[in-house]
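**Q** fold the following.
(2 chains)
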Amino acid sequence: MSCRPELVTGYVDGALDAQTTAEIEAHLGSCETCRTQAGFERELRHRLTELPPPSLPLDLEREVRRRLEHPRTPILRWALPLAASLAALLLWGRGLPAFVAWELARDHAHCFSASRVPAEVWSPDAERIARWFESRGTMVPPLPSGTDGLELVGGRYCPLLDRFAAHVYYEGGRRQLSVFVVSGPARFEETWAGRSRGHSIRLLRSSGRTVAIVATREEDVEAVAATFTTSLAWSTPRRALVPPVS
Amino acid sequence: MDRERFEAEALPHLRRLYGVAYRMTGNAADAEDLVQDTLLRAWRGFDRFQAGTNLRAWLHTILQRVRVDQLRRKSRRPPTEELGETEPMVPPPQDALASGAEALERALGGLPEVFRTAVVLRDVEELSYAEIAAALRVPIGTVMSRIHRGRALLRAVLQGSRT
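**A** Here you go, the predicted structure:
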């Protein structure tokens, strides 16, 4: 048998099967090199076994006990459920009238903050505006051409948090008014009135959609709302509100 | 109650675990982190530990896995390459072993981690080849090879320190 240094290591550690052990023992009897290796490894093992362990830090055991009692929770263990809860809350809350009102008041203020409203279709003709939206899949109720000094200007689709709204603009002097048609959930009965971000808002519910009127003056809101309350028996939408066709 | 049982059974191994961790990492701070993370992971998996089997070997297995995870997180892997053939060596006289634990510790600390770990688990912790193979997730033949090469390197270093 030729020298097999790794097997000599296994022999020293008693890790070989009986046959290999016998072969190595026979080889050791005739090989000074391997005999010396075995002697060295036995001595080394003894010395390593006798090595004193490193000093244990004084507070390690206390710190281990503390962490066992109050383990740090991995961030994902609470962050994911929290994110899911927030998402669920958002999905539920987006139908709340106060939230819808806040979102639309914000969009109204945004559009009218520009020197010129960002309409995509310009016309004082209510039927033309309605056809423009209808051609893009949105049924809108019969729109007033104007009321008490407010005149129809145009319209566009505005992005909300999770959907698009049909947004119709009215202007008159320094007064502005918006009519929105919004799809999706709404957690109110037929109508809701309130204020948000300094604007007066009226929400009307019909045929699965929300019609919202937003303006600074409550009188303007109510004047336009009155035209809708008589016409909101408008036909059931044939098509759902969808994002605009680009 | 389970935590009390875990502490009663596992914490007596704290000193030995720390010794291995210290020799693997080479410094006290990393060793403390390694031991703490090991015991926390062991506690979380304690219901999977089979009572009556070797708890110390089980803890060493977890320690090795925690160490691999730590190194992976640091984008730094333990050296896995096996050194080239180092034999045959000139057989040293028996008294060529360097004297003193300090020299031995220094020589041990100078080994590549892959060999140092195998030698420490075998010669300091006195785990069996099978237990080391399970802890390191390698075949028993690889365990034997790593221990052999680790000892051979120690032999070369200790012999050199005497010449």
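
**Q** switch to C-alpha atoms for all contacts and neighbour counts from now on
**A** Will do.

**Q** domain ranges for chain B?
**A** B:1-78, B:93-163 (automatic domain parsing).

**Q** so can I have CSV of those showing mean pLDDT, distance to chain A and mean neighbour count?
**A** Shown next, in CSV, are those (pLDDT from 0 to 100; distance: least, Cα to the nearest Cα, whole Å; neighbours: other Cα atoms under 10 Å in any protein chain shown):
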stretch, mean pLDDT, distance to chain A, mean neighbour count
domain B:1-78, 87, 5, 17
domain B:93-163, 85, 5, 19
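
**Q** closest one to A:Phe164 among these?
**A** Checking the domains of chain B against A:Phe164 by Cα to Cα gives domain B:1-78 as the closest, at 43.5 Å.

**Q** quick one: pLDDT of the closest residue to A:Gly29 other than its chain neighbours?
**A** Spatial nearest neighbour of A:Gly29, chain neighbours left out: A:Arg35 (7.6 Å); criterion: Cα to Cα, 6 or more residues apart in numbering or on different chains. According to the prediction, A:Arg35 has pLDDT 95.

**Q** quick check: buried residues in the helix or strand hosting A:Arg35?
**A** Following DSSP states H and E, one finds A:Arg35 within helix A:32-49. In terms of neighbour count (16 or more other Cα atoms under 10 Å in any protein chain shown), helix A:32-49 has its buried residues at A:33-38, A:40-42, A:44-45, A:47-49.

**Q** ok, now stretch A:197-212?
**A** Here stretch A:197-212 shows A:His199, A:Ser200, A:Ile201, A:Arg202, A:Leu203, A:Leu204, A:Arg205, A:Ser206, A:Arg209, A:Thr210, A:Val211, A:Ala212 as buried, counting by 16+ other Cα under 10 Å.

**Q** now those in JSON lines, with distance to chain B, secondary structure and pLDDT?
**A** Shown next, in JSON lines, are the buried residues of stretch A:197-212 (distance: Cα to the nearest Cα, whole Å; DSSP: H, G, I helix; E, B strand; the rest coil; pLDDT from 0 to 100):
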{"residue": "A:His199", "distance to chain B": "53", "secondary structure": "strand", "pLDDT": "94"}
{"residue": "A:Ser200", "distance to chain B": "55", "secondary structure": "strand", "pLDDT": "95"}
{"residue": "A:Ile201", "distance to chain B": "54", "secondary structure": "strand", "pLDDT": "95"}
{"residue": "A:Arg202", "distance to chain B": "56", "secondary structure": "strand", "pLDDT": "94"}
{"residue": "A:Leu203", "distance to chain B": "54", "secondary structure": "strand", "pLDDT": "92"}
{"residue": "A:Leu204", "distance to chain B": "55", "secondary structure": "strand", "pLDDT": "90"}
{"residue": "A:Arg205", "distance to chain B": "54", "secondary structure": "strand", "pLDDT": "83"}
{"residue": "A:Ser206", "distance to chain B": "55", "secondary structure": "strand", "pLDDT": "74"}
{"residue": "A:Arg209", "distance to chain B": "52", "secondary structure": "strand", "pLDDT": "83"}
{"residue": "A:Thr210", "distance to chain B": "52", "secondary structure": "strand", "pLDDT": "88"}
{"residue": "A:Val211", "distance to chain B": "54", "secondary structure": "strand", "pLDDT": "91"}
{"residue": "A:Ala212", "distance to chain B": "53", "secondary structure": "strand", "pLDDT": "93"}
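
**Q** quick one: which two of those are the most distant?
**A** A:His199 and A:Ser206 (22.4 Å).

**Q** quick check, central residue of chain A?
**A** A:Ala87 (6.2 Å; Cα atoms, centre = their mean).

**Q** ok, chain B next?
**A** Centre-nearest of chain B using Cα atoms, centre = their mean is B:Thr117, 3.1 Å out.

**Q** how close does that residue sit to B:Leu63?
**A** 11 Å (Cα to Cα, to the nearest Å).

**Q** and if you look at A:Thr216?
**A** With Cα to Cα as the criterion, A:Thr216 and B:Leu63 are 67 Å apart.

**Q** which parts of chain A sit against chain B?
**A** A:5-7, A:9-10, A:15, A:33, A:36-37, A:39-41, A:44-51, A:53-54, A:56, A:60-61, A:63-65, A:67-68, A:71 (Cα under 8 Å from any Cα of the partner chain).
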